[in-house]
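Chemist: Model the following, please.
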Amino acid sequence: MAEVTNQDLIQQLTEKFGEKIVGINEPYGLLTFETTKDVIIDVLAFLKQNTLAKFNFLTDITAVHYPEKKHGIAVVYHLHSMVSKIRIRVKVFIDTNHPEIATATDLWNAANWMERETYDLFGVKFEGHPDLRRILNMDELGVHPMLKQYPLEDPNRVDKKDEYFGR
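Modeler: Got it, this is the predicted structure:
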């Protein structure tokens, strides 16, 4: 079996999805690219069923908050091909005011808990998810703690004053 290269994968992805595959780079050899939320499930299904690489393992789904950007939340998927022994990262930027994206639970059962965690911490709503609810925080919390829109500490704490530490 011939070794699969990142260039082979990008060629197949761009042939299939064209301009929907952007931001291609390879930090530390890890193929990373961006796509849009309207084709993310098709891209993930293509990668899973691809005869060249067979990305059969969903390693992680998470998010990153970029408060300075209009589409300030990136939903990030990490896939691993146990057959070809390669990994890939797929990013989708979504609107912070409407953080919604399709669920990947139809492709991987493991997406269930990963999407619940991402919802709990970042507020990303996975449309079509069978049981989207908090798993780490209290239901009545009212905020999503990984969003960078809240102060990191209470400014009124007296035990954190610089003069107490000789500064």
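Chemist: For the rest of this, base every contact and every neighbour count on C-alpha atoms.
Modeler: Will do.
Chemist: any chance you could map the strands in the protein?
Modeler: Under the criterion DSSP state E, strands of the chain are mapped to 22-25, 31-35, 57-65, 73-81, 86-94, 100-102, 125-127.
Chemist: Need these in CSV (columns: distance to Thr14, mean neighbour count and mean pLDDT).
Modeler: Putting the strands of the chain into CSV (distance: least, CA to CA, whole Å; neighbours: other CA atoms under 10 Å; pLDDT from 0 to 100) gives the following:
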stretch, distance to Thr14, mean neighbour count, mean pLDDT
strand 22-25, 9, 12, 96
strand 31-35, 11, 20, 97
strand 57-65, 22, 19, 97
strand 73-81, 18, 21, 97
strand 86-94, 14, 20, 97
strand 100-102, 21, 18, 98
strand 125-127, 26, 18, 98
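Chemist: between the ones you listed, which one is nearest to Leu47?
Modeler: strand 73-81 (8.6 Å; CA to CA).
Chemist: which strands and helices sit next to the closest one?
Modeler: Contacting strand 73-81 under the criterion 3 or more CA pairs under 8 Å, 6 or more residues apart in numbering; DSSP states H and E are the following elements: strand 57-65, strand 86-94.
Chemist: how far off strand 86-94 does it point, in degrees?
Modeler: 160 degrees (axes from the mean of the first three to the mean of the last three CA atoms, to 10 degrees).
Chemist: Restrict strand 73-81 to CA atoms and write it as CSV.
Modeler: The C-alpha coordinates for strand 73-81 follow below in CSV (Å, rounded to 0.1, in the frame of the first residue of the first chain):
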residue,chain,number,x,y,z
ILE,A,73,-15.7,30.8,16.8
ALA,A,74,-13.7,28.1,15.1
VAL,A,75,-15.1,24.6,15.5
VAL,A,76,-12.2,22.2,15.1
TYR,A,77,-12.3,18.5,14.1
HIS,A,78,-9.3,16.2,14.5
LEU,A,79,-9.4,13.0,12.5
HIS,A,80,-7.0,10.0,12.5
SER,A,81,-6.6,7.3,9.9
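Chemist: Good, wrapping up.
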